[in-house]
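Asks: Next comes the sequence, and after it the predicted model I'd like to discuss.
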Amino acid sequence: QVHLVESGGGLVQAGGSLRLSCAASGRTFSSYAMGWFRRAPGKEREFVTSISWSGSRTYYADSVKGRFTISRDNVRNTVYLQMNSLKPEDTAVYYCAAHRQPWADLSALAPDFGSWGQGTQVTVSS
């Protein structure tokens, strides 16, 4: 198991930016693909983006493509989510997650991720 702690959420106006961080501990972070998911009020959890264990490959949901950027620092055991041009519909609790298997390819499927953070609230006002 890996322990994940998100930070960086908050309240921002539409069009603004936030950067979320997810600090990992407990296993070899650099061996695992990572992902960000979100859950808006009254909605199902949805995939946002994921990054391969090396950081060389990324994948984005259509709703955030071109606005959000995922990255990772395998020395600091941290994954980041840079969110630009935020919209009210981006309001949600954002969760980072680590893939169940080392060296696995990146994924957009929540069941592929075995460790989850506690979430950080992002609120975008119109």
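Replies: Sure thing, it's come through.

Asks: Was I right to think T123 contacts A14?
Replies: No. In this structure T123 lies outside contact range of A14 using CB atoms under 8 Å: 10.8 Å. Bear in mind the C-beta positions are built from the backbone N, C-alpha and C, glycine included.

Asks: Tell me which helix or strand the residue sitting nearest the centre point of the chain sits in.
Replies: Of all residues in the chain, the one closest to the mean position by CA atoms, centre = their mean is W36, 2.2 Å from it. Secondary-structure assignment from DSSP states H and E places W36 in strand 34-39.

Asks: now the residue lying farthest from the centre of the chain: how far from E89?
Replies: Farthest-out residue of the chain from its mean C-alpha position, per CA atoms, centre = their mean: S126, at 22.9 Å. S126 is 10 Å from E89, where distance means CB to CB, to the nearest Å.

Asks: swap in L18?
Replies: According to CB to CB, L18 stands 15 Å off from E89.

Asks: of the two, who's got more company?
Replies: L18 (20 against 11; other CB atoms under 10 Å).

Asks: Test my guess that the more buried one contacts G8.
Replies: Yes. Counting by CB under 8 Å, L18 touches G8, with 6.2 Å between them.
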